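Chemist: Provide a 3D model corresponding to the input given below.
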Amino acid sequence: MTEELQQVEIDSVIDGENMNFIGADGTNGLQGGNTELSSQPAAASDQEQESRPADPVTVAKTHEASNARDTNKDNDHSMMIKLNLQSSSRNTLDGYVGRGDQDSRKRIPHSPPELNPGENPSKRSKESSPSTDQNATATLSSDGKATSDEFKASYDNMEPAIAQIIQHKLEEIVDVVPLKPLTLRDLAELENSLQIGDKYDYSPDDGWKKIGVEIYNCSKRILAYAVKKPANSLEHRLEFIIDAIRRITYDPVVLQQDGWITKKAESPEGSMGGSSLIGKRIIWQKYEAVIIAFTLDETWGSLWKAIWVEDLETFDLEADEVQDALAKWEKRQARVHKKKTVSANIAAGGTRHAATARFVVEGIEHGIVLALPPKVSRGVMWPARVMHVAETSGFYSGSRRNATKFQVKVVFLAPFWNSNGSSASREGARDPYSLGPMFEWETIEVSENTLKKYPFDSFSVEDLMLGFKFLGLPKAVLSRYLDSHRLALALKTYARKYIPTNYLPGDDDAFASASLTESHVLSVLTPMFPQEVLDLPFDFILRNLPRPNEHASALLDNDETKSETVIDIKSIIDSMTPPLCYGRKQLAQGTDIALSPETSQRKMLILSPSPNFTPMSTRREAENVDDDVIWSLHNFASELLVNLFETSHAAGNLHISYLAQLLSTLILQLRGLSDEFTGFDIKKQKNELKRILCQCLLVKGCGEDFIASSTLPSGYSVATVAVEWRKACERVYKRAVSKLHIDGGGNGYTTVVTDSRCNGHITADGAFERPVRLPVAIKGAKLAGAGIDPNVLLINTVEDVYMELAEDNVIPRAHQRSYIKRLKSKITSISPEDTGVPLTDDSEGEGGDDTKGSRGSYTAAVVGIAATVKAVDMVVGGQCVNVFCAIRPPGHHAGRELRPMKAVSNGFCIFNAAACAAIYATTPLSLGGLGLRRVCVIDFDVHHGNGTQDILCNTHDPRFLYVSMHAGGAHINGFDEEDSDGESFRLKPGSKTTEGIFPGRCGDSSPHDGVLNIPLGNRVTPTDLGTALVSKVLPKVENFSPDLIILSAGFDAHKNDPLGMGGLSAEDFGHVTEVACQLAFKTCSGRIISVLEGGYGVPCCRPRTDLFLPKDEAEKLLDLGEDLPDSMGDPVPGLLRQRLEKCHAEGFLECVKEHVKSFVKFNKRS
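Modeler: Have a look, this model is predicted:
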């Protein structure tokens, strides 16, 4: 094509309704003269050959004039079905025309069959036709035209099959005799013909030949129109061509034969629209689709057939589903329009900063955030103060627009990384990391990865120390870490109380001010701290506060939470102003102690500021005290509670007086039992201990009800009194455990419960959930002392009484009977020699790919439930402090019914052990349970426990709190764009991890107060997990105050796990367990059990039988010794074996070991 004709094409515009293509010189732009597009073949002269329109590849490389007419009018007149062409073998040009039903296609030759020579378009000779290479390297003039590199980039971004078609397949079309000008009517007829098909006599003589010729001609006309349709850019032009190709791939013949209406009605039919909806775009299961047919079914009524744009899969919709799908499309379009409007209003230099321009950190109005230090490579977020725009005026020179519009200045508080450059240590420095300056400012790029909300309004040093373990920093940094949070909390508290807020996040005035000052909005929203605050000698203040090693490692009486006392900046400033600066004002009583030199008494006041209760055991002297004093009410109830009892008794408040009587009676019963206990046999001792301990918890719950329904005297808060009541009952519980000692159990004991019958669940070869996981878990528990340490018991068999209790009473309360019956029937029908049989597939055969088993799977699952029920009995009954249940198959994806919360499968799970344990614990005593009031389940498997949430927290049940920390998030699984309660929680069947993380979006949000879901992104890291534990989980669980904590212990977030979604070490899992145990001691006297869930980093335990290797090249195996049954094999495919090699260094075994070791560390109640 000549350069002149290229320019003609570039300047072409649409002429009116007839869509004549007019060149820059006013002549017909298609041929440079008055030649029109014609559908009749004709011989081409040399002149016409030169003037013929360029091939689509070359034309697609042109750039339309900026004043081209808006094409929306064309789109309004003709809505075309847009289908996604997945591969060149599935479209007309490679031999297929259209697609009706998924399994029915009609084969059409690629070129028109038996065309006469006169009908076939003439071909260019190699001399007159530019080669593919020439087309590929063609460039346009330098005045705004695209280059070959730009075209190549465009093709690279396209689907390979479509790019190949555009580059090669469509070149034939340019050699046809030009067609007639395409009017809107012509276009509508063409689209209608392609949509509904022409009615031919399908005889051998006339049928397919005529269809092939007609579709070939229609294809030529549509492609010619797409090539000549004005476009705003190269990408726009390519979109037209791709759209045209997609349009000619649809043939509805099969639908017509099946009785479907495929012709779009001009006006709505009936109340729902009928066939007038054909061609409408919809959203179904998160994906775009198009309605292609309609029928009136005798059974289902109105039905519409639609086809997914992405993969050409067809599906049927009923009337209400169609309306829902149409509404979803409208919502998406409105959302897209809104986003475009917002983006257009952002006065940014490009789209790269469009998201950060309006990014706001929650809590910025108080000035303190967590920021990512540029000089720290570990990705640790550190407390920092965001500087106000007025403070930063002296930092910049030159153009402030480029320097600050998408950046903020932050001041890191007590950084540890700046100490290396110190030439001399400061006086009083405590460690090498405390040598640097107390503050350091940096410029930070604004993004959600560099700035996050500061999570604390208060904290205890113990909790902060637990969170520090997840950061991977040297232990010597702990002191500096504590200083940074003390400073952050002091500044945040001061800003909240004393600095007025000028703007609120989201205030348009704040964005306007940021635009005027050429700064980011965070620099406007942050408070302006007074200079006297910033000039305070914080280094001196922090040096005189207690260090972490001066804090007691255990909580006072294990139930008193000691929050760190916040530095009162306002009081410090006031003390430096008259009259306090003269020392003339009388100091408050007791202040002389706080101002005196450091003494043990002063440190004790700082360590434990004004506790509400100090038990008698710490108050009395070493001399003997009368038993009546030891068992008195004052030794269990706090001073606040005792005063309430006395006040209520004097005022005649019967409810509160009854509480005092209830607690006194419980103490009296325990005292009497302790005198007789040693005379009982071991069986009666266990029964009596369980009875009195369950009674303690029943009295605890009953008292809470009385407090909630009572009218308290003035000055007493219901919440405060309830907390003190719980603590009093837990003190009675702990006194019972310590006084009523059982040989071989009780306080100071940890138990591991397992059963070899769990090995009967045999999965498919190559599955992640392999039978050897159980022997490996037992091996890890033994390395932590199970069965070796006398205080770490190992129970290898679950009694039949627990099997019966689990199968008859517990499992039916958690799972639907239809689900249980289905599984039992499915499993019992498996022959003894078959393994790896799908267990959880539905009637359509979906959902069973990952959950496979054998004849022993049902028994194995029931044994797992029985083991957890036994564990709850042992912990609540005082036989041990904590229990680890080494069982399989896992259970937290198993819900009330098959595939809960619209998950695509059951995720290796059959029955939900954690949920069953919680239900058993809260079932009333009269119905065979333990009667506990509240149970908390904490799930740290890398996947969300959708089954546990479905069973316990489908609606808000005040008995249960479910907490899950897992991989996922809306930015990964997709946002809930629609208000549908069903499909929005399901990933499309067959989805890959790049499209979302199993089980879907159900774990991305918390539906009510009984659920705390914490998605941690694509990969679970120690820092994110530790921050979530300390800042979110601890406050939530403490406020819930459970009677028992159950851990869903999944170790698949390990850094070497084959799933590849975690970055935790075995030591990190030990830290997680420590946090949970500390939490249990604060809330429920240490009662905690753990149930094994995921974790697949188990190296091969058996040699391969399909290889013959020399002895010196034998493969490395995990040696389990006698823990690996002789009958258990371990067939692992070669690729998975390679992925598991790194687990020899550290894997699932080490995770279980650290988990149990932490249980042993926290198995002693004081």
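
Chemist: could I get the contacting residues of Ile1045?
Modeler: Counting by CB atoms under 8 Å, 6 or more residues apart in numbering, Ile1045 makes contact with 935-938, 1037, 1076, 1079-1080, 1083-1084, 1087-1089. Every residue, glycine included, has its C-beta placed from N, CA and C.

Chemist: can these go into a markdown table with extra columns for distance to Leu489 and neighbour count?
Modeler: Shown next, in a markdown table, are the contacts of Ile1045 (distance: CB to CB, whole Å; neighbours: other CB atoms under 10 Å):
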| residue | distance to Leu489 | neighbour count |
| --- | --- | --- |
| Val935 | 32 | 28 |
| Cys936 | 27 | 28 |
| Val937 | 31 | 28 |
| Ile938 | 26 | 28 |
| Val1037 | 21 | 23 |
| Ala1076 | 25 | 28 |
| Leu1079 | 21 | 23 |
| Ala1080 | 26 | 26 |
| Thr1083 | 24 | 27 |
| Cys1084 | 28 | 27 |
| Arg1087 | 31 | 29 |
| Ile1088 | 29 | 29 |
| Ile1089 | 35 | 30 |
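
Chemist: so of those residues, which ones are in helices?
Modeler: Val1037, Ala1076, Leu1079, Ala1080, Thr1083, Cys1084 (DSSP state H).

Chemist: with adjacent residues omitted, what lies nearest to the last one?
Modeler: Translated: Cys1084. Counting by CB to CB, 6 or more residues apart in numbering, Cys1084 lies nearest to Asp1043, which is 5.3 Å off, once chain neighbours are set aside.

Chemist: roughly how far apart are Lys263 and Lys870?
Modeler: When distances are taken as CB to CB, to the nearest Å, Lys263 and Lys870 turn out to be 67 Å apart.

Chemist: those two: which has the busier surroundings?
Modeler: Set side by side, Lys263 and Lys870 show unequal neighbour counts under other CB atoms under 10 Å, the larger going to Lys870 at 26 against 15.

Chemist: chain neighbours aside, what residue packs nearest to Glu1150?
Modeler: The spatially closest residue to Glu1150, leaving aside those adjacent along the chain, is Ala1066, at 3.8 Å (CB to CB, 6+ apart).

Chemist: now the one you found: how far from Glu833?
Modeler: When distance is defined by CB to CB, Ala1066 is 38 Å away from Glu833.

Chemist: more neighbours, these two?
Modeler: Between Ala1066 and Glu833, counting by other CB under 10 Å, Ala1066 is the more crowded of the two (23 against 7).

Chemist: tell me who's in contact with that one.
Modeler: Counted by CB under 8 Å, 6+ apart, Ala1066 has contacts His1054, Glu1146, Glu1150, Cys1151, Lys1153, Glu1154.

Chemist: so what's the second one up against?
Modeler: Glu1146 makes contact with His1054, Lys1055, Asn1056, Ser1065, Ala1066 under the criterion CB under 8 Å, 6+ apart.

Chemist: hmm, 6 Å instead?
Modeler: Ala1066 (CB atoms under 6 Å, 6 or more residues apart in numbering).

Chemist: give me the buried positions along stretch 360-369.
Modeler: If you call a residue buried by 16 or more other CB atoms under 10 Å, then stretch 360-369 has these buried ones: Val360, Val361, Gly363, Ile364, Glu365, His366, Gly367, Ile368, Val369.

Chemist: out of these, which are inside helices?
Modeler: In helices, defined here by DSSP H, there are no members of the buried residues of stretch 360-369.

Chemist: quick check, nearest of the residues you listed to Cys696?
Modeler: Gly363 (40.7 Å; CB to CB).

Chemist: for the closest one, give me its contacts.
Modeler: Taking CB under 6 Å, 6+ apart, we find Gly363 in contact with Lys453, Tyr454.

Chemist: give me the buried positions along the strand of greatest length in the chain.
Modeler: Ranked by residue count, the top strand of the chain under DSSP state E comes out as strand 287-297. Within strand 287-297, the residues scored as buried using 16+ other CB under 10 Å are Glu288, Ala289, Val290, Ile291, Ile292, Ala293, Phe294, Thr295.

Chemist: need those in CSV (columns: distance to Tyr454 and pLDDT).
Modeler: As requested, those are arranged in CSV below (distance: CB to CB, whole Å; pLDDT from 0 to 100):
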residue, distance to Tyr454, pLDDT
Glu288, 41, 87
Ala289, 44, 88
Val290, 48, 88
Ile291, 50, 89
Ile292, 53, 88
Ala293, 57, 88
Phe294, 57, 89
Thr295, 59, 89
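
Chemist: dump these into CSV; add distance to Gly1060 as well.
Modeler: Listed next are the buried residues of strand 287-297 as CSV, based on distance: CB to CB, whole Å:
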residue, distance to Gly1060
Glu288, 30
Ala289, 32
Val290, 37
Ile291, 40
Ile292, 40
Ala293, 43
Phe294, 46
Thr295, 47
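
Chemist: noted, bye for now.
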